[in-house]
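Asker: Sequence first, then the predicted structure, then my questions.
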Amino acid sequence: MCLGVETLAIVTAIGSFASGAIGSIASYQQQQQQANYANAVAQQQYQAQLTAYNQSERSYEAQMRLNAEAANRAYTSEQSKLQAEYAQAAQKAQERTIQSLQQQGLVMATGRSGQSIGLLLADAERTADRDMAVLGQNLAYANQDYWIGAESIYNQQESANNMAASQRTIKPSSPIAMPGPSGIGLVAGLGSSAIGGLSTYNELKPPKA
């Protein structure tokens, strides 16, 4: 009878240990699966964000190139206008110089002398100086218009660049892997099950005769 009771105690103790051990292992595996799933989802989200970021950077760089090209075309147009003003002023200055020399020649051809011819020559010179001053003033206005236009182009480019920058996607950070369950915890759980099985055996084993 005592042998049967002790055998029953051993079997019960083994069952208690096995039940606890299975529970510990199952809990460990479940936690590991949850960690693996969470890490897989985080990695998938990171890849999607990284793809969006790379696309955003390509779009940003393309837009910046377009902005620079547009600004360069505008600058070139303003420079062409200014060069045309200078070319026109140079031509007019040359024409006015020739006209002034012709007027002086006509005055000299009249055969006058003394104060009267001096007044005529001075009047022709004043007229030529006045015309040259007008040409210089027009060039000053043309230069002013050029710099105003250049500043406007620069401001428009900066505004377009800022708009492109505001649409950039923030670079995602690499996901931090969620740690799986500690092996120490599993060992502790198995140890606890073993202690529980031993305790069950001690409770059920028959007393010594």
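Answerer: Perfect, thanks for sending it.
Asker: C-alpha only now, for contacts and for neighbours.
Answerer: Will do.
Asker: mind listing the helices for the protein?
Answerer: Secondary structure of the chain by DSSP state H: the helices cover 2-109, 115-166, 183-204.
Asker: Residue 35 and residue 44, how far apart?
Answerer: Distance, residue 35 to residue 44, using Cα to Cα, to the nearest Å: 14 Å.
Asker: Also residue 64?
Answerer: Applying Cα to Cα to residue 64 and residue 44 gives a distance of 30 Å.
Asker: Between those two, which has more neighbouring residues?
Answerer: residue 64 (19 against 13; other Cα atoms under 10 Å).
Asker: show me the contacts for the more buried one.
Answerer: The contact partners of residue 64, by Cα atoms under 8 Å, 6 or more residues apart in numbering, come to 161, 164.
Asker: What sits closest to residue 63 if chain neighbours are left out?
Answerer: Leaving out its chain neighbours, the residue that sits closest to residue 63 by Cα to Cα, 6 or more residues apart in numbering is residue 164, at 6.7 Å.
Asker: quick one: that neighbour and residue 65 touch, right?
Answerer: No. Using Cα atoms under 8 Å, residue 164 makes no contact with residue 65, being 10.9 Å away.
Asker: Among the two, which residue is more densely surrounded?
Answerer: Between residue 164 and residue 65, counting by other Cα under 10 Å, residue 164 is the more crowded of the two (19 against 13).
Asker: now the more buried one: how far from residue 64?
Answerer: Going from residue 164 to residue 64 by Cα to Cα gives 7 Å.
Asker: Please apply the same query to residue 145.
Answerer: Applying Cα to Cα to residue 145 and residue 64 gives a distance of 26 Å.
Asker: ok, now residue 90?
Answerer: For residue 90, the distance to residue 64 - Cα to Cα - is 39 Å.
Asker: Give the residue spans of the chain that score low on pLDDT.
Answerer: 1-28, 103-124, 178-209 (pLDDT under 70).
Asker: do that again at 90, thanks
Answerer: Per-residue confidence of the chain (counting by pLDDT under 90) places the weak regions at 1-44, 46, 89-136, 138, 168-209.
Asker: what residues are up against residue 166?
Answerer: No contacts exist for residue 166 under Cα under 8 Å, 6+ apart.
Asker: The one 5 residues further on now?
Answerer: For residue 171, the contacting residues are 49, 50, 53, taking Cα under 8 Å, 6+ apart as the criterion.
Asker: Now do the contacts for the residue lying closest to the second one once chain neighbours are set aside.
Answerer: Just to be clear, that refers to residue 50. Using Cα to Cα, 6+ apart and skipping the chain neighbours, the partner closest in space to residue 50 is residue 172 (6.2 Å). Contacts for residue 172 (Cα under 8 Å, 6+ apart) come out as 46, 49, 50, 53.
Asker: Same check on residue 131?
Answerer: Contacts for residue 131 (Cα under 8 Å, 6+ apart) come out as residue 96.
Asker: Residue 137 versus that one, what's the distance?
Answerer: Separation of residue 131 from residue 137 (Cα to Cα) stands at 10 Å.
Asker: cool, and residue 40?
Answerer: Look at residue 40 and residue 137: by Cα to Cα, they are 73 Å apart.
Asker: With residue 167 instead?
Answerer: 46 Å.
Asker: what does residue 41 give?
Answerer: For residue 41, the distance to residue 137 - Cα to Cα - is 72 Å.
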